[in-house]
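1. Task: produce atomic coordinates for the following.
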Amino acid sequence: MIKPLQLALRAALLALIAAIALPCLAADSAVLRNGFSIRHERREIIGTVTRLYIDGDQSSFVDISTAEIDHFEAAPDLATPPSDIQPADGSTPHPYDLNHVIATASGTYKLDPDLVTSVIRAESGFNVRAVSPKGAQGLMQLMPQTASQLGVHNAFDPQANVEAGTRYLRELLERYDFDLIKALAAYNAGPQRIDQYGGVPPYHETKAYVARIVRDFNKKKLAARKTTSPAITSHPLVKKTSAAALPQTQAKATITPSAINPPTE
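-> Residues are numbered from 1 along each chain as shown. The predicted model follows:
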């Protein structure tokens, strides 16, 4: 006769297997043992790895060793950016226009506002109060040390956060000769890791992060092209400016996310 405890253990094991093996019906986050999380629309078990599909159409995915996954949890809704922020002192929240904040910062640092928007979506899901397990804060998830170096006193102030994050992204693009992949990977894992590995580090979460941003950015560009002339074949990622100011280098917007998916383990 099977004891009640054995039945309970079997039921718990089956529930765990189902949670990992079956596709999720809504966006979830896979929380890894190292503290990082990966947002995904669907997942499935393939041998010893769990494949996380970044988008619903399954065109972009990342394979993670199942043993590296601590648990799954519901991901925040990315559909609508918040319209106001509650100040730290508890006073009445003041409204802000995130599109205007992004446009202003992007104009200052000569970046495509769609790129900045895609980074914000991947970093915080437009959650002004987002805090990562490692302590990154706000819309563009600034680490306290980075925020301090950029002169940000309140990382939860959307204008200050986006302005500083955009400036930092511009600095990374310049540092890596406007290589978007390296710049985004450095934003996620830190420039020291890019220098250490001579490129994108072999971290699953970093590769998934870069793929997610590139795909989201490309979707915006493709949608824009459909409403304009079909002769448009590329969009300047980094806008031109005067020779006395910032470099005039341009980068092609379209990059295939699958090119940076990690190999199946």
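
2. And the nearest residue to residue 117 once chain neighbours are set aside, how close does it get to residue 196?
-> Distance criterion Cβ to Cβ, 6 or more residues apart in numbering; nearest residue to residue 117, sequence neighbours excluded, is residue 102 at 5.8 Å. (Glycine included, C-beta is placed from N, CA and C.) Distance of residue 102 to residue 196, computed by Cβ to Cβ, to the nearest Å: 31 Å.

3. With residue 133 instead?
-> 22 Å.

4. Please apply the same query to residue 131.
-> 27 Å.

5. Likewise for residue 166?
-> Taking Cβ to Cβ, one finds residue 166 at 25 Å from residue 196.

6. Of those two, which one has the most company?
-> residue 166 (26 against 11; other Cβ atoms under 10 Å).

7. okay, now the closest residue to the more buried one other than its chain neighbours: neighbour count?
-> Leaving aside its sequence neighbours, residue 166 sits nearest to residue 105 (Cβ to Cβ, 6+ apart; 4.0 Å). When neighbours are counted by other Cβ under 10 Å, residue 105 registers 24.

8. Test my guess that residue 105 contacts residue 116.
-> Yes. With contact defined as Cβ atoms under 8 Å, residue 105 reaches residue 116; the gap is 6.6 Å.

9. Could you name every residue contacting both of those two?
-> 162, 165, 166 (Cβ atoms under 8 Å, 6 or more residues apart in numbering).

10. could you dump those to CSV with distance to residue 151, secondary structure and pLDDT?
-> Shown next, in CSV, are the shared contacts of residue 105 and residue 116 (distance: Cβ to Cβ, whole Å; DSSP: H, G, I helix; E, B strand; the rest coil; pLDDT from 0 to 100):
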residue, distance to residue 151, secondary structure, pLDDT
162, 14, helix, 96
165, 12, helix, 97
166, 13, helix, 97
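
11. Would you mind checking which of the residues you listed is nearest to residue 155?
-> Taking Cβ to Cβ as the measure, residue 155 sits nearest to residue 165 out of these, at 9.4 Å.

12. Determine the set of other helices and strands touching whichever strand or helix holds residue 209.
-> In the assignment (DSSP states H and E), residue 209 maps to helix 204-226. Packing partners of helix 204-226 (3 or more Cβ pairs under 8 Å, 6 or more residues apart in numbering; DSSP states H and E): strand 37-40, strand 61-65, helix 113-124, helix 180-189.

13. Would you mind extracting the C-alpha trace of that helix into CSV?
-> Extracted in CSV, the C-alpha atoms of helix 204-226 (Å, rounded to 0.1, in the frame of the first residue of the first chain):
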residue,chain,number,x,y,z
HIS,A,204,22.7,32.6,-21.1
GLU,A,205,20.9,35.5,-19.4
THR,A,206,23.0,38.1,-21.2
LYS,A,207,22.5,36.5,-24.6
ALA,A,208,18.7,36.3,-24.0
TYR,A,209,18.7,39.9,-22.9
VAL,A,210,20.5,41.1,-26.0
ALA,A,211,18.2,39.0,-28.3
ARG,A,212,15.1,40.4,-26.6
ILE,A,213,16.1,44.0,-27.1
VAL,A,214,17.3,43.6,-30.7
ARG,A,215,14.1,41.8,-31.7
ASP,A,216,11.9,44.4,-30.0
PHE,A,217,13.8,47.2,-31.7
ASN,A,218,13.6,45.5,-35.1
LYS,A,219,9.9,45.1,-34.7
LYS,A,220,9.5,48.8,-34.3
LYS,A,221,11.6,49.5,-37.3
LEU,A,222,9.8,47.0,-39.5
ALA,A,223,6.4,48.5,-38.4
ALA,A,224,7.7,52.0,-39.2
ARG,A,225,8.8,50.9,-42.7
LYS,A,226,5.4,49.6,-43.5
